[in-house]
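*Asks:* here is a sequence together with a model predicted from it:
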Amino acid sequence: MSLADIPPAAGAWPVLGHVPRLVRDPLRELRAMHAEGPVLLMRAGSMPIVYVTDPEAVHEVTVERARSFVKGRLFDKVAKLVGEGLANSSGPKHLRNRRLVQPLFYKERLAQYAEVMSARAQALSDSWRHGEELDVTEVMGHYAIETLAATLFSADIGAAAVKAVREDLPVILKNMLRRALAPQFMDSWPLVWRDFDRSATRMRSVIDDVIATTRASDPAGRTDLLSLLLATRDEDGVGFTDEEIRDELTTMLFAGSETIAGTMSWALYHLAQNPEVEQEVLHELKTVVGDRPAVFGDVMNLPVLTRVLDETIRLHGVVSLMRRATEPVTVGGYEIPTGTEVLISLYALHRHPGLYPDPDRFDPSRWIPDRDNPRPRTHVIPFGAGNRRCIGDKYAWMEALLTLATLLPQWRFTPRPGSKAPTEAMAAMAHPTRVEMVVHRRDAG
């Protein structure tokens, strides 16, 4: 068998392949292709891409045969930004660095970060006025970056650095998948990718400055993520180089800001649209948290709010993963040659009508445990799977839970009169365009 045996996706153009189809509306077209078959052959120009849509075949790529794959073209194109951080490295380097970084997300560390998150969530709440109009997407974007910075660094990242991340990260995320799927001949067109390359260079420069400042200020004994990275050592007593630390920090900023901000924005929107679910959440928060600040110990005791986040991430989570075969490998019954790119759309998988009835409807009750018919793990992989599962998934989950548990008892969110419903924008996740809301103090009547 060969690639020629894989059914082709519909809508290919001469020379450009499926690029025009995907550029028009990537999210819609990925879902449409998902319905065409479990394994399809796409083309980006002359480059073949195997699009895997069946959950069992996805499991083969991400878990069962993960050793036969490395990160693919999508991550080649962000290497200028994340270098060889955990998101991009492979082989022994990935295993070593993952072992070194993993302790930074152990329970005792998460408890320390939770204190910062809870305090910053309350500070955000205190900054609002009754009846104030907000673009929740923008507010949560700034909040997520600044909260991440407060746990990454011992001191404030600084106005210039925050400004750079705020401005540059959206540019990078917006263009990432488009660049990965563009025909290879476009790689040599610098004007097309000028904004992407400029933003990536500027972000890495900012991180270099922060590392130099922290190392010069004697980070021993500090508990922020950067200081811990500077202090960590492997079994041979060897630590990270400054370049490796830069790659890991950039990866954390890249992975930990836009996804958290988007998830919280969508959750607030859906709760405003579903007041009966909102009341369930408020009752749970009153029972579990009461009038005190939400703390680390609450995170595992909020099943209703957790289901809200599960459903939000199902609907609007990470859009896609890419892998490249490092050896001939069989996936979904088809032989995939060495060097072939494989595309997985988590967005399409999580909206598959065969897995999720009425898949576009926000319904947190889907996640109520059913002992007689448990949901297969292969049907939901919002943070990836196998040895490539997001190392900071518990951090992201905790931040979203603590933030919502702080804001919701104090504020009621309603759509701004005359505003339009948010639409999904193409980025690392299905990010909301604008979530225009009015905030009302609950104790104001």
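*Replies:* Received it, and whenever you're ready, just let me know what you need. Note that the structure is a prediction, hence the values are computed from the model and not measured.
*Asks:* now G91. Nearest residue, chain neighbours left out?
*Replies:* Once flanking residues are discounted, G91 sits nearest to V70: 7.9 Å by CB to CB, 6 or more residues apart in numbering. Just so you know, the C-beta spots here come from the backbone N, C-alpha and C atoms, and that holds for glycine as well.
*Asks:* do you know how far the nearest residue in space to I145 that is not next to it in sequence is from H59?
*Replies:* Using CB to CB, 6+ apart and skipping the chain neighbours, the partner closest in space to I145 is S257 (4.8 Å). If you measure S257 against H59 using CB to CB, to the nearest Å, the figure is 29 Å.
*Asks:* now swap in V329 and tell me
*Replies:* The separation that V329 has from H59, given CB to CB, amounts to 14 Å.
*Asks:* which ones are touching the residue nearest to G91?
*Replies:* For V70, the set of contacting residues under the criterion of CB atoms under 8 Å, 6 or more residues apart in numbering consists of S90, G91, R323, R324, T326.
*Asks:* what's the per-residue pLDDT of it here?
*Replies:* At V70, the model reports a pLDDT of 85.
*Asks:* picking up where we left off before, who has more neighbours out of S257 and H59?
*Replies:* S257 (27 against 21; other CB atoms under 10 Å).
*Asks:* how many residues are close by L40?
*Replies:* L40 sits with 21 neighbouring residues when counted by other CB under 10 Å.
*Asks:* that should have said W193, apologies.
*Replies:* W193 has 19 nearby residues by other CB under 10 Å.
*Asks:* and for H142?
*Replies:* As a burial measure, the neighbour count of H142 was computed by other CB under 10 Å and equals 16.
*Asks:* so what's A119 up against?
*Replies:* If you count contacts by CB under 8 Å, 6+ apart, A119 has them with P293.
*Asks:* give me the element it is part of.
*Replies:* Secondary-structure assignment from DSSP states H and E places A119 in helix 107-126.
*Asks:* can I get the CA coordinates of that helix in CSV?
*Replies:* What follows is the C-alpha trace of helix 107-126 in CSV, where atoms were taken according to Å, rounded to 0.1, in the frame of the first residue of the first chain:
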residue,chain,number,x,y,z
LYS,A,107,1.1,19.3,43.6
GLU,A,108,3.2,21.3,46.0
ARG,A,109,4.2,23.7,43.3
LEU,A,110,0.7,24.0,41.9
ALA,A,111,-0.5,25.0,45.4
GLN,A,112,2.0,27.9,45.4
TYR,A,113,0.9,29.1,42.0
ALA,A,114,-2.8,28.8,43.1
GLU,A,115,-2.1,31.5,45.7
VAL,A,116,-0.9,33.9,43.0
MET,A,117,-3.8,33.0,40.7
SER,A,118,-6.5,33.5,43.4
ALA,A,119,-5.0,36.9,44.4
ARG,A,120,-4.8,38.1,40.8
ALA,A,121,-8.4,37.0,40.1
GLN,A,122,-9.6,39.0,43.1
ALA,A,123,-7.6,42.0,41.9
LEU,A,124,-9.2,41.7,38.5
SER,A,125,-12.7,41.5,40.1
ASP,A,126,-11.9,44.6,42.2
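*Asks:* got the buried residues for it?
*Replies:* For helix 107-126, a neighbour-count test (16 or more other CB atoms under 10 Å) marks R109, L110, Y113, A114, V116, M117, S118, R120, A121, Q122, L124, S125 as buried.
*Asks:* report the central residue of the protein.
*Replies:* In the chain, the centroid-proximal residue (CA atoms, centre = their mean) is T259; its distance is 3.9 Å.
*Asks:* helix, strand or coil: sort out that residue for me.
*Replies:* helix (DSSP: H, G, I helix; E, B strand; the rest coil).
*Asks:* need the pLDDT of it.
*Replies:* 86.
*Asks:* quick one, what contacts it?
*Replies:* Going by CB under 8 Å, 6+ apart, T259 touches G317, V318, A396, A428, M429.
*Asks:* what sits against the closest residue to T147 other than its chain neighbours?
*Replies:* Spatially, and ignoring its direct neighbours in sequence, T147 is nearest to R120 (4.8 Å; CB to CB, 6+ apart). Contacts for R120 were tallied using CB under 8 Å, 6+ apart; they are Y143, E146, T147, A150.
*Asks:* again, but for K93
*Replies:* Each residue near K93 by CB under 8 Å, 6+ apart is listed here: E84.
*Asks:* tell me which element it is part of?
*Replies:* Since the elements are taken from DSSP H and E, K93 ends up inside helix 91-101.
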